[in-house]
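Engineer: sequence and predicted structure below; questions after.
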Amino acid sequence: MALQATSQQIVDYKLMVQSTEASMAALRALGGEAARQNNASELAVRDKTFGEGLEGARTRNKKFLESLSERQRSGLKEIVKKLAKTDAELAQQARALDEQFEVPREAGAQLTGSVQTLEGTLTGLRSEQTELGQEMSIGEASEGNGLRISIPRVKTSVTFDNQAITITTAGMLSNAGTGSEQNTFKLELTADESDLQEHITDVLRAQLDKDDACGDRIAIRTAALTPAEPESLLVARLHYERWACFGQSTMNEMAEGNGKAILPVAPEGGIALHRAEFSDGGSGKLVVVLNGDVQLSADAVASLTNASKPGEARAGEAKSQSSSQPSGQH
């Protein structure tokens, strides 16, 4: 009961959530206008609307946290710390977006990526607000008794041979359907793959390097994985040799050369996706953005809902380990 919200906090919480969701809607409108790239004045209006909305959302978020009692603040210190960190990230990313508008000729290539990075951070903020509301016993039902299930930030370590790669994901499942659609959820998910970018040369070397005495010898020199929205581009530079053996002691080099392989890579998945894109998260950082629908059984919904309740394990505090072999489109 010590963490339970007061009646005024419940009102303030709902206003905070509405402000955050309004900011997310304004950002989507800005992203849509940026994608069209044909109306600078309208884009400026959208940017101003989003900037004002984001400032309002951040202010309501701070005021709500300031309203917490000492006992609430003590019991909620981990989620309060996450909210403060996310707020700082929003401020930094908003400044970066504003700087791009100050240099219009250079803004086009990065603007969409910056918008999508902000979208991912706002989605993370919304998930953290949901977690806060659950801890304080504040209902999250939307109009039509809809259900929202947050997917807090999760760091997953994927191992390619001996190279560990960390991928951070966050998102939201929301549902407002009735009848036959009640178990169809809208999925919003972002994944940060910058660690894969940083180690892509080592990953490719582990998978592709060969040193056959009487055959092919392949050495990956360098590799780069960069955003090329809505896909990404893998560029690898390599050295190739072909050797042939004659008898037991004679080896001849038959061919040698340096080359470059350029491969487009697109995200794939079994979910009914409406959007699956790689984007530039700023400074060349690779981010995957997924939006779509997913069917969940009644048991799966119950399991996810129970896992989000106070006292249960927090998905965002878990780390998973898995081994994988890279796959790409050739």
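Structural biologist: Structure received.
Engineer: show me where the chain dips below the pLDDT cut-off.
Structural biologist: 1-2, 35-39, 102-110, 139-150, 152, 175-184, 228-231, 261, 263-291, 294-330 (pLDDT under 70).
Engineer: at 50 instead, please
Structural biologist: By pLDDT under 50, the weakly predicted segments of the chain are 106, 141-145, 176, 178-182, 268-270, 309-330.
Engineer: let me know how buried residue 122 is, in neighbour terms.
Structural biologist: 24 (other CB atoms under 10 Å). For glycine as for every other residue, the C-beta is placed from the backbone atoms N, C-alpha and C.
Engineer: against which helices or strands is the helix ranked longest in the chain packed?
Structural biologist: Secondary structure of the chain read by DSSP state H shows that its longest helix is helix 104-135. If you count contacts as 3 or more CB pairs under 8 Å, 6 or more residues apart in numbering; DSSP states H and E, helix 104-135 packs onto helix 7-36, helix 40-66, helix 77-102, strand 147-160, strand 163-175, strand 184-192, strand 272-280, strand 286-295.
Engineer: what comes up buried for the third one?
Structural biologist: Buried residues in helix 77-102, defined by neighbour count with 16 or more other CB atoms under 10 Å: 79-80, 82-83, 86-87, 89-90, 93-94, 97, 100.
Engineer: same check on stretch 49-68?
Structural biologist: Quick answer for stretch 49-68 (16+ other CB under 10 Å): 49-51, 53-54, 56-58, 60-61, 64-65, 68.
Engineer: coming back round to it: could you dump the helices and strands packed on helix 104-135 to TSV with distance to residue 211?
Structural biologist: As requested, those are exported to TSV (distance: least, CB to CB, whole Å):
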stretch	distance to residue 211
helix 7-36	46
helix 40-66	53
helix 77-102	44
strand 147-160	19
strand 163-175	19
strand 184-192	34
strand 272-280	33
strand 286-295	30
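Engineer: relative to residue 259, which of these is closest?
Structural biologist: Among these, the nearest to residue 259 by CB to CB is strand 147-160 (22.4 Å).
Engineer: quick revisit: got the angle for the longest helix of the chain vs helix 40-66?
Structural biologist: Counting by axes from the mean of the first three to the mean of the last three CA atoms, to 10 degrees, helix 104-135 lies at 30 degrees to helix 40-66.
Engineer: one step back: possible to save the buried residues of stretch 49-68 as TSV with distance to residue 116?
Structural biologist: What follows is the buried residues of stretch 49-68, written out as TSV (distance: CB to CB, whole Å):
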residue	distance to residue 116
49	18
50	13
51	17
53	17
54	15
56	22
57	18
58	19
60	24
61	21
64	27
65	27
68	32
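Engineer: among these, which one sits closest to residue 31?
Structural biologist: Of those, the one sitting nearest to residue 31 (CB to CB) turns out to be residue 50, at 9.3 Å.
Engineer: and the closest one, how far from residue 123?
Structural biologist: Residue 50 is 15 Å from residue 123, where distance means CB to CB, to the nearest Å.
Engineer: again, but for residue 77
Structural biologist: Distance from residue 77 to residue 123, by CB to CB: 23 Å.
Engineer: check residue 138 too.
Structural biologist: Taking CB to CB, one finds residue 138 at 19 Å from residue 123.
Engineer: who's more crowded, these two?
Structural biologist: residue 123 (22 against 18).
Engineer: and residue 259, that one's in a helix?
Structural biologist: No - secondary structure of residue 259, determined by DSSP: H, G, I helix; E, B strand; the rest coil: strand, with no helix assignment.
Engineer: the helix or strand where residue 220 lies pairs with which strands?
Structural biologist: In this assignment (DSSP states H and E), residue 220 forms part of strand 216-228. Counting by DSSP bridges, the strands paired with strand 216-228 are strand 210-211 (antiparallel), strand 231-246 (antiparallel).
Engineer: so which of those strands is the most surrounded?
Structural biologist: Compared across those, strand 231-246 shows the largest average neighbour count, a mean of 16 (mean count of other CB atoms under 10 Å).
Engineer: among the buried residues of helix 77-102, which one sits closest to residue 73?
Structural biologist: Of the buried residues of helix 77-102, the one sitting nearest to residue 73 (CB to CB) turns out to be residue 80, at 6.4 Å.
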